[in-house]
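Colleague: kindly return the folded structure for what I paste below:
(2 chains)
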Amino acid sequence: MIALLKGESPETAPEGCTGSVGVVETKYYTFAEPPESLQLESGGTLGPVTLAYETYGELNREKSNAILVLHALSGDAHAAGFHPREEDPGWWDAMIGPGKPFDTDRYFLICSNVIGGCKGSTGPSSLDPRTGRPYGTKFPFITIADMVHAQRRLIDFLGIEKLLCVAGGSMGGMQALQWVASYPERVRSAIPVATALKHSPQQIAFNEVGRQSIMADPAWREGNYYETGQPERGLSVARMIGHITFMSDKSMEEKFSRKLKNGQLSFKFDADFEVEGYLRYRGAKFVKRFDANSYLYITKAMDYFDLSGGKLINGRTLDTRVLVISFQSDWLYPSYQSQEIVRQLKLNKVDATYCELRATYGHDAFLVELEGQTTLIHHFLEKTYLGERNGNGNRR
Amino acid sequence: METAAEGIRPDHQVIFEMIEPGARVLDLGCGTGDLLDLLAQEKDARVQGIELDERAIYECVRKGLSVCQSDIESGLAEYPDGSFDYVILNQSLQEIRKVDFLLREALRVGEKIIVGFPNFAYLRARLCLFFGGRAPMTPSLPNRWHDTPNVRFLSISDFRAFCAEKGFVVEKAIFLNGRKTIAFWPNLRALNSIFLLSLPAGQ
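Modeller: Coordinates of the predicted model:
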C-alpha cells in the first residue's frame, strides 16, 4: 500500500516539501530483556523486543498532545518526512506535518513498526538470541493485541499517560480498535479507518492465497532462506494479489483500462497489458523491501483479530471518542464492517462519529484520497484536543 | 447558519424551548448541526446526530458534534431503549415511508419525541388546490410535485388523528407561521407545526 502512494501524490513530492516534517530518523527502543520477556497471546514469549519508531513534532509539557499513528500490513515506522538520501516520504506524509490534519505544530506524533515486522522491530528476520541466527519460522505467532501491548511499552517509555489519539487505516485501524479494547483509559480518541472488527472469510481467503504463494515457492525453504535469498516469486505474487484487492474496478479502469504496454499484442506470456506490467512492477519492488516471513506472520495476525460480539467495549463505560471512516469503493474492507464498529459503539453508548466517504480508489483510498479524511480528522482532532467535544456533558 | 439568539430559525427556537438543560438529545436528519450546536452550547445538552449527507457531516464535525452517517429509517436500531431524553424528527416526517414504525422506534430510543412538519392544509395550499387546480406550493412546501422529496402530505389535523389512533400522547403542540405562533385555527393558518409526543405512562 505504501508503494502506491509514493511518488504518485503531488503533495508528497520532495521538491513540494510544503508542510513536510523534513528529514527524520528512526529510533529504537528495546525492552523485555532477560530475565523479562513479552508474554504473547499465543502462550509464547518474545524477548528482548526492539521497536523501531519515529516521532514528529514536540510533546507538550502536560504530555497531552501525543498521537500514535498505526501502520498497515506493509507499513513501517517511517510515517512522515524523508530519510536522508531518500526520495520517497513516509507512508502517511500527506496527513502528517505542519498545517496538515495531524499537525506537527500542535501535536506530537509517534509511529512504530509492529512486532513481527521487518523494518527495525523484532520479527522473524531478527536474530534469535538463543541461536544467533534469524528466527525464521521459530518466531512465535503474534497477534494484533501483542503488537498493541508492545506499543504500550513504548508509550510508557516515552512517559505518556494518555494518548490524545490512536489512528490508522486497515491493519492500523485494527490496532486502533485494539487500543480501545485493551487500554481504553489511555486513549482520549481513536480513528479507525477502512477497517473491521474481524476479517470476513473473503479477507482471510485473500491472505491465505498470499501465504500459499509464498510457501509454495521452493526458495521459502520452511522459512530458512536468510542465507539463500528470500522467496521472491511467491512474495511478489502475494503482493500482486494484495494490490488487486486494494484497488476498485473503477480505479483500475481509469488507471489502466486495456491499454497495451507496447502498442500491440505479443502473443507471448509477456506483460501485454499495462495492468500486468503494473502488478509485476509492484511485486518486484515489494520483494526488495519486505520479508516473506513477516508477510506470513502479520497476515495471520490480521486473520486472528476478532473484536466482534461485544469484545470491543466489554460492557465498560468509555469516555473515548471514536471517529470511524470507510470508503464507498473499498470492497476489501466494505462499509458494512465499519458500520458494525459503529453499531458496537452505539450499543455501548460510546461517543461515535461515522462517515462513509465517496471515493473511487477502493481500499487504497485511505492513502490516496485525502480530501474528506483531511477535513474530518483535522476538526475531530482539534475539537478533542481543545476539549470542545460538543454536547457530551463532559467538556475538558 | 445563525447562532445569535435573534438569528435562530423559528422552528429551532420552539424545539430549543421544549428541551430542558442537560438533556440527552438525538436529532434524526440533523443537517449541518445548527440545532444540536445550539442545544449543546446554550443548554449543555448531550447531543448526537444522524445524517446522510457527507458534506453536512463535515460541518457537524467542524462544530465538534458527534454524528453518524445513516438514513433516518435505519439509524435507530442500534440504540438501546431509553438512550435519549428527546429524539428530534424535524422537517423530515413528510419524507418518511414507514412513519408508524419510525415513530415507535423513536419512542423506544427516546423518552419523548419532537416531530416538526409542514402543514399541507394551510390556507394558501387549499386555495392553490381549490381555485388554481394545482398541487400546492407554500413557503413550507416549496417544491413542485415532481421534485419534492416529500412522500407524505399531511395536515395538522391528520397528525392529531394519527396520534390519537396510535395512542401517542400529545404533550405540546406549537404552530408557526414564520416567526408568529398561531393559536386559533392552526390547521388553516399555520405553515409549520411542532409536536412533543410521548407514550402513555406504563408503556
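Colleague: which residue does the stretch 151-300 of chain A bring closest to chain B?
Modeller: residue A:189 (11.0 Å; Cβ to the nearest Cβ). All C-beta atoms are positioned from the backbone trio N, CA, C, and that covers glycine.
Colleague: contacts only, for that residue.
Modeller: A:164, A:165, A:166, A:320, A:321, A:322, A:323, A:380, A:381, A:384 (Cβ atoms under 8 Å, 6 or more residues apart in numbering or on different chains).
Colleague: so does whichever helix or strand the last one is part of get close to chain B?
Modeller: Put plainly, it is residue A:384. Using DSSP states H and E, residue A:384 maps to helix A:371-385. Yes: between helix A:371-385 and chain B, judged by Cβ under 8 Å from any Cβ of the partner chain, the touching residues are A:372, A:375, A:376, A:379, A:380, A:383.
Colleague: follow-up on the earlier one: roughly how far apart are the residue of the stretch 151-300 of chain A closest to chain B and residue A:383?
Modeller: From residue A:189 over to residue A:383 the distance is 9 Å, taken as Cβ to Cβ, to the nearest Å.
Colleague: repeat for residue B:83
Modeller: 22 Å.
Colleague: who's residue A:110 bridged to?
Modeller: Residue A:110 has these beta-bridge partners by DSSP bridges: residue A:55, residue A:68.
Colleague: these two touch, right, it and residue A:159?
Modeller: No: under the criterion of Cβ atoms under 8 Å, residue A:110 is not in contact with residue A:159, lying 11.8 Å apart.
Colleague: how about the residue nearest to residue A:254 when sequence neighbours are not counted, what does it touch?
Modeller: Computed as Cβ to Cβ, 6 or more residues apart in numbering or on different chains, the closest residue to residue A:254 that is not its neighbour in sequence is residue A:360, at 7.2 Å. Residues in contact with residue A:360 (Cβ under 8 Å, 6+ apart) are A:248, A:250, A:251, A:254, A:329, A:369.
Colleague: picking up where we left off before, partner residues bridging the residue of the stretch 151-300 of chain A closest to chain B?
Modeller: Here residue A:189, judged by DSSP bridges, has bridge partners residue A:321.
Colleague: residue B:39 versus that one, what's the distance?
Modeller: Counting by Cβ to Cβ - residue A:189 and residue B:39 are separated by 22 Å.
Colleague: what does the stretch 201-350 of chain A have sitting close to chain B?
Modeller: Residues of the stretch 201-350 of chain A lying near chain B (Cβ under 8 Å from any Cβ): A:321, A:323, A:342, A:343, A:346, A:347, A:349.
Colleague: of the residues you listed - the most surrounded one?
Modeller: residue A:323 (26 neighbours; other Cβ atoms under 10 Å in any protein chain shown).
Colleague: surely it is within a strand?
Modeller: Yes: residue state for residue A:323 (DSSP: H, G, I helix; E, B strand; the rest coil) corresponds to a strand.
Colleague: quick one: it and residue A:377 touch, right?
Modeller: Yes: counting by Cβ under 8 Å, residue A:323 touches residue A:377, with 7.1 Å between them.
Colleague: what is in contact with these two at once?
Modeller: residue A:191.
Colleague: still on that earlier bit, look up how far residue B:19 lies from the residue nearest to residue A:254.
Modeller: 41 Å.
Colleague: with residue A:387 instead?
Modeller: 23 Å.
Colleague: so those two - more neighbours on which side?
Modeller: residue B:19 (22 against 12).
Colleague: tell me the SS of the residue lying closest to that one once chain neighbours are set aside?
Modeller: Residue nearest to residue B:19 in three dimensions, not counting chain neighbours: residue B:86, with 5.7 Å by Cβ to Cβ, 6+ apart. Secondary structure for residue B:86, judged by three-state DSSP, is strand.
Colleague: what sits opposite residue B:86 in the beta ladder?
Modeller: Beta-bridge partners recorded for residue B:86 (DSSP bridges): residue B:25, residue B:112.
Colleague: could you list the low-pLDDT ranges of chain B?
Modeller: B:1-6 (pLDDT under 70).
Colleague: give me every residue that touches residue 77.
Modeller: If you meant another chain, say so; for now it's chain A. Applying Cβ under 8 Å, 6+ apart, the residues near residue A:77 are A:26, A:51, A:52, A:53, A:54, A:71, A:111, A:112, A:113, A:119, A:120, A:121.
Colleague: not what I meant, chain B
Modeller: residue B:105.
Colleague: how many neighbours does the closest residue to residue A:64 other than its chain neighbours have?
Modeller: Of all residues beyond its chain neighbours, the one nearest residue A:64 is residue A:164 (6.4 Å), with distances taken as Cβ to Cβ, 6+ apart. Look at residue A:164: counted by other Cβ under 10 Å, it has 22 neighbours.
Colleague: report the secondary structure state of residue A:240.
Modeller: Per three-state DSSP, residue A:240 ends up helix.
Colleague: my read: it touches residue A:279, true?
Modeller: Yes: between residue A:240 and residue A:279 there is a contact under Cβ under 8 Å: 4.2 Å.
Colleague: could you check how far the nearest residue to residue A:93 once chain neighbours are set aside is from residue A:239?
Modeller: Leaving aside its sequence neighbours, residue A:93 sits nearest to residue A:80 (Cβ to Cβ, 6+ apart; 4.7 Å). Applying Cβ to Cβ, the value for residue A:80 to residue A:239 is 23 Å.
Colleague: more neighbours: which of those two?
Modeller: residue A:80 (28 against 25).
Colleague: in a strand, that's where the more buried one is, yeah?
Modeller: No: counting by three-state DSSP, residue A:80 is not part of a strand but coil.
Colleague: residue contacts, it?
Modeller: A:20-21, A:24, A:54, A:56, A:89-90, A:92-93, A:95-97, A:102, A:104, A:109, A:111.
Colleague: cutoff 7 Å now
Modeller: A:21, A:24, A:56, A:89, A:90, A:92, A:93, A:96, A:97 (Cβ atoms under 7 Å, 6 or more residues apart in numbering or on different chains).
Colleague: now it. Its backbone dihedrals?
Modeller: With angles defined as degrees, to the nearest 10, residue A:80 sits at phi -150, psi 160.
Colleague: okay, it: pLDDT?
Modeller: At residue A:80, the model reports a pLDDT of 98.
Colleague: state the distance from it to chain B.
Modeller: Distance of residue A:80 to chain B, given as Cβ to the nearest Cβ, to the nearest Å: 23 Å.
Colleague: quick check on the residue located most distally from the centre of chain B: phi, psi?
Modeller: Distance from the C-alpha centroid of chain B peaks at residue B:131, with 30.2 Å (Cα atoms, centre = their mean). Torsion angles at residue B:131 (phi, psi; degrees, to the nearest 10) stand at phi -90, psi -40.
Colleague: next: the one 4 residues further on.
Modeller: As for residue B:135, its main-chain torsions (degrees, to the nearest 10) stand at phi -60, psi 130.
Colleague: helix or strand: which one has the residue of chain B found nearest chain A?
Modeller: Residue nearest to chain A within chain B (Cβ to the nearest Cβ): residue B:40, separated by 3.0 Å. Element membership of residue B:40, judged by DSSP H and E, is helix B:34-43.
Colleague: which parts of that helix are buried?
Modeller: B:34, B:35, B:36, B:37, B:38, B:39, B:40, B:43 (16 or more other Cβ atoms under 10 Å in any protein chain shown).
Colleague: do stretch A:50-66 as well
Modeller: Quick answer for stretch A:50-66 (16+ other Cβ under 10 Å): A:50, A:51, A:52, A:53, A:54, A:55, A:56, A:57, A:59, A:64, A:65, A:66.
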